[in-house]
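Enquirer: sequence and predicted structure, then a few things I'm wondering about:
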Amino acid sequence: MQPPISGTWIAERVFTTETSSALTSRFALPTTQKNSKRILVGRLEWILLASLRASPWLAKTDTGARTSSLHATHVSLDTDGKTVHFLSIDHDGQPLQCQATLSRIKSIRNSSGQASQRLIISMMTQFPGGLQYPMEFSLSDRSHMKYPIILGRRALAGFFLVDPQSQFLLGAFSPSL
């Protein structure tokens, strides 16, 4: 069955441990070819980080980045060492107070090759149509960048394949989200 070129994907809103092949068949998601059952995503996709209680964000897929990144300023760690507080921005550029559980601290090199220690948070990421996928995000100041979220290759590996000439292949979120 050939999936439609455009439209909104409708799917169940549950996390699954199914393989990407099973997911593409069950959700009728776009793939590159019949023998490749990875979910095809464009260079830009909408994502929702529901635990941050914000509207969907525009995220750029970046296979050159190992780790996904979320815009964050005024980052602080609670005295318990487990909770991170930070300021981000929503899709409209409005300030957004955020809180997340610290996953770990990791040394990450920027595009210039300079390493710095970054706080890593892990959260469920929802794509249009209800597909949910856990991802890790490093917190960094991306105010000088065009997109507040980068989806790195570790988050995309195994399930997703990027078509750099396309965008929004997974559709858009319904107004109810």
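Expert: On my side now, so go ahead.

Enquirer: list the buried residues in the host helix or strand of Ile105.
Expert: In this assignment (DSSP states H and E), Ile105 forms part of strand 95-109. Buried residues in strand 95-109, defined by neighbour count with 16 or more other C-beta atoms under 10 Å: Leu96, Cys98, Ala100, Leu102, Ser103, Ile108. Any C-beta I mention is one placed from the backbone N, CA and C, and that applies to glycine too.

Enquirer: and the second one, bridged to which residues?
Expert: Think Cys98. Residues found in beta-bridge contact with Cys98 (criterion: DSSP bridges) are Phe86.

Enquirer: isn't it right up against His85?
Expert: Yes: look at Cys98 against His85 with C-beta atoms under 8 Å: they come within range, at 7.2 Å.

Enquirer: what comes up buried for stretch 147-157?
Expert: Of the residues in stretch 147-157, Tyr147, Pro148, Ile149, Ile150, Leu151, Gly152, Arg153, Ala155, Leu156 count as buried by neighbour count, 16+ other C-beta under 10 Å.

Enquirer: any chance of those in a markdown table, with distance to Ala72 too?
Expert: Formatted as a markdown table, the buried residues of stretch 147-157 follow (distance: C-beta to C-beta, whole Å):
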| residue | distance to Ala72 |
| --- | --- |
| Tyr147 | 14 |
| Pro148 | 9 |
| Ile149 | 11 |
| Ile150 | 12 |
| Leu151 | 16 |
| Gly152 | 15 |
| Arg153 | 21 |
| Ala155 | 17 |
| Leu156 | 21 |
